[in-house]
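In: Sharing a model that was predicted from the sequence below.
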Amino acid sequence: MDYIVTEHGIKLFQNDFDLDETLDCGQAFRWERAESKYKCTYKGFFLDRPLEISFDGEGFIFHNVSEEEFLSVWADYFDLSTDYGLLKKQFSGDDTLKKACGFAGGIRLLKQDAWECLCSFIISQNNNIPRIKGIISRLCGHYGHFPSAAELASETSDSLSYLRSGFRAKYIVDAAQKAASGEVNLNSISGMDIEDARKALMTIKGVGPKVAECVLLFGMHRTEAFPVDVWIKRVMEQYYPQGIPDFVRGNEGIAQQYLFHYIRNLEKQPEKGNTEENVTK
């Protein structure tokens, strides 16, 4: 990890990292692209800790961030210790994955908070990204932060009507009550055998296989989790009827991110150049 401390914060020099592909790919919902003098800037939150991050054509600027905060919070959140170049080289043993890595090779898996991730993906059901962001924004605006399970446990579908989240409100309440009471212990689930973890998450009303996989992957960094939606179902039917290649095992979730972004945009833009080098914008 190559970075320098500047008067403005931290400047990171990092291959295999793209802000648009990482922060606007549907894995987290509290980030927004912002106007700035830089090529790309996002503003958002992790555990209610704000961050403004920019790419200036050379490196990534973590605005007004101390070295201690960068190393203790953001380096882990952006999974900077993982060599995504090496993973893409491994994945490129398969033609389809090679194209997917070349198309959106700047995706990194964000290490999110399990509770916030659970709520976010309950809200994501049968929803689109702008509406998901709107619901979460209203929730955070009401509380002044992302509410804990204990805070939400006393809510009802009616009291959450301001969210305009529809049927999802009752699922948010059930998740909060079970997490707050300890009936569902997210810390314990994160360390379980993957099958047991899936079953435990699906004891929450409204949490089916897809949401459970998303929570495991994005909220618990279980990289063997493999969320399947309509796009990934299409990928599996068309390219992997016999299953994902064996050499991907253990990192299926990271491969899924490349495949999801690729197949979803295939009709709009068939291919970018296939490269394993710096794909920042």
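Out: Sure, I can see it. Numbering: from 1, shown residues only.

In: contacts and neighbour counts: CA atoms only from here.
Out: OK.

In: can you map out the helices along the stretch 51-200 of the chain?
Out: Counting by DSSP state H, counting those that start in this stretch, residue ranges of the helices within the stretch 51-200 of the chain are 67-69, 75-77, 84-91, 95-103, 114-123, 129-143, 149-152, 168-181, 186-190, 194-201.

In: Which stretch among these approaches His261 most closely?
Out: His261 lies closest, by CA to CA, to one member of those: helix 95-103, at 7.5 Å.

In: Just list what that closest one packs against, helices and strands only.
Out: Using 3 or more CA pairs under 8 Å, 6 or more residues apart in numbering; DSSP states H and E, the elements in contact with helix 95-103 are helix 84-91, helix 252-265.

In: Any idea which of these has the lowest pLDDT on average?
Out: When the helices and strands packed on helix 95-103 are compared on mean pLDDT, helix 252-265 scores lowest, with a mean of 93.

In: Kindly calculate the angle that that helix makes with helix 84-91.
Out: Between helix 252-265 and helix 84-91, the angle formed by their directions is 80 degrees, by axes from the mean of the first three to the mean of the last three CA atoms, to 10 degrees.

In: Can you tell me which helices and strands helix 252-265 packs against?
Out: Under the contact definition 3+ CA pairs under 8 Å, 6+ apart, helix 252-265 sits against helix 95-103, helix 230-239.

In: With mean pLDDT added, can I get these in JSON lines?
Out: Written out in JSON lines, the entries for the helices and strands packed on helix 252-265 read as follows (pLDDT from 0 to 100):
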{"stretch": "helix 95-103", "mean pLDDT": "95"}
{"stretch": "helix 230-239", "mean pLDDT": "93"}
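
In: remind me which residues of this protein are low pLDDT?
Out: Confidence mapping of the chain against pLDDT under 70 gives the ranges 267-281.

In: rerun that using 50 as the cut-off
Out: Low-confidence regions of the chain, defined here as pLDDT under 50, cover residues 270-281.

In: just the helices and strands packed on helix 252-265: most buried one?
Out: Each of these was assessed for mean neighbour count using mean count of other CA atoms under 10 Å. The highest is helix 95-103, with a mean of 22.

In: Now do the contacts for Ile262.
Out: To be clear, residue 262 is Tyr; Ile isn't right here. 99-100, 103-104 (CA atoms under 8 Å, 6 or more residues apart in numbering).

In: Count the residues that sit near the residue nearest to Ala114 when sequence neighbours are not counted.
Out: Sequence neighbours aside, Gly219 is the residue nearest to Ala114 in space, at 4.1 Å (criterion: CA to CA, 6 or more residues apart in numbering). For Gly219, the neighbour count with other CA atoms under 10 Å is 24.

In: Then Ala114?
Out: Residues near Ala114, counting by other CA under 10 Å: 20.

In: Ser36 too?
Out: Applying other CA under 10 Å, we find 10 other residues in the vicinity of Ser36.

In: That one: what's it in contact with?
Out: By CA under 8 Å, 6+ apart, the contact set of Ser36 is empty.

In: likewise Ser92?
Out: If a contact means CA under 8 Å, 6+ apart, then Ser92 has 98-99, 101 as its contacts.

In: Serialize the helices and strands packed on helix 252-265 to CSV and add fields for distance to Leu47.
Out: Converted to CSV, the helices and strands packed on helix 252-265 look like this (distance: least, CA to CA, whole Å):
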stretch, distance to Leu47
helix 95-103, 29
helix 230-239, 29
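
In: so which of these gets nearest Cys140?
Out: Proximity of the helices and strands packed on helix 252-265 to Cys140 was assessed by CA to CA; the nearest stretch is helix 230-239, lying at 29.5 Å.
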